[in-house]
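[1] sequence-free structure coming up:
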Ligand SMILES: Nc1ncnc2c1ncn2[C@@H]1O[C@H](COP(=O)(O)OP(=O)(O)OP(=O)(O)O)[C@@H](O)[C@H]1O
């Protein structure tokens, strides 16, 4: 059974007459133990959807079930032990170091009776290694580059050790090498049994690293399934107004876009 299910989800901003609905009646099931990539053009509702799956955005209709339970009824601690979200925009107190941020990820595992332990230290250390941050552990986040900061937030989400991870554009600020490391880390996490969903703009990386692809346009899911089965030149045109030729990467078998050109400027 899927650990995270959205049923007839409707999401909006504003209230009463100023209410603007951005997602209406959406159904989604994240496949267990797999990587789901959510793709689609700017403003189609990807981040709003992800925030609602993590209870940061309350739906005006519909439900999100986490392990079969309505997330609106789950105690905060229960939620934090089951699901971690890396939002698109992150904010940290001034002067907070990478190691301090990552330690916050352990909070859901502590209590009055279970203080900081050797296990917590080990998990933080592993998260620092996974994000290639050992040398920067004691540097304040506000003295880091955008990509280094992004890796620190990813490490925090990893340190939370939840079975479910939602990542909103986890590689947007990363150079090619670190992008690959993060995507490979995401694959390793899925191989260890975790369920992941990530919003990604790069369709080729989404195809290569995700098992399941959800394509959104105007607040609706227009295609969902295995990348090799759902990504077509028509879908790319429909989503982005881009013409392309699709071929399969001879090394990995995943779809590649070649000969891409915008249809918007030529209209
Ligand atoms: N706080 C807000 N108040 C009002 N409208 C909002 C707010 N946040 C987002 N929106 C609107 O909701 C719609 C969906 O936004 P969302 O950020 O979910 O899109 P997205 O697909 O994640 O976009 P992007 O790829 O640019 O990050 C957009 O039309 C956006 O303008």
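    On my side now, so go ahead. This is a predicted model, so every value here is computed, not measured.
[2] and the most centrally placed residue in the chain, what helix or strand is that in?
    Nearest to the geometric centre of the chain sits residue 167, at 2.0 Å (C-alpha atoms, centre = their mean). If you go by DSSP states H and E, residue 167 is part of strand 164-168.
[3] Touching that strand from outside, list them.
    3-4, 30, 46-47, 50, 53-54, 66, 82-88, 154, 157-158, 186, 189, 194-199 (C-beta atoms under 8 Å, 6 or more residues apart in numbering). For glycine as for every other residue, the C-beta is placed from the backbone atoms N, C-alpha and C.
[4] What count of nearby residues applies to residue 3?
    For residue 3, the neighbour count with other C-beta atoms under 10 Å is 19.
[5] Quick check: mean pLDDT of stretch 212-222?
    The pLDDT scores in stretch 212-222 average 97.
[6] Endpoint to endpoint, that stretch covers what distance?
    14 Å (C-alpha to C-alpha, to the nearest Å).
[7] near the ligand at all, the strand holding residue 167?
    No: using C-beta under 6 Å from any ligand atom, strand 164-168 stays clear of the ligand, with a minimum separation of 7.4 Å.
[8] could you give the angle of whichever helix or strand comes after that strand to strand 164-168?
    Moving toward the C-terminus from strand 164-168, the next helix or strand (DSSP H and E) is helix 176-191. Note on geometry: by axes from the mean of the first three to the mean of the last three C-alpha atoms, to 10 degrees, helix 176-191 and strand 164-168 are set 150 degrees apart in direction.
[9] Which neighbouring elements make contact with helix 176-191?
    strand 35-39, helix 146-159, strand 195-199, helix 203-209 (3 or more C-beta pairs under 8 Å, 6 or more residues apart in numbering; DSSP states H and E).
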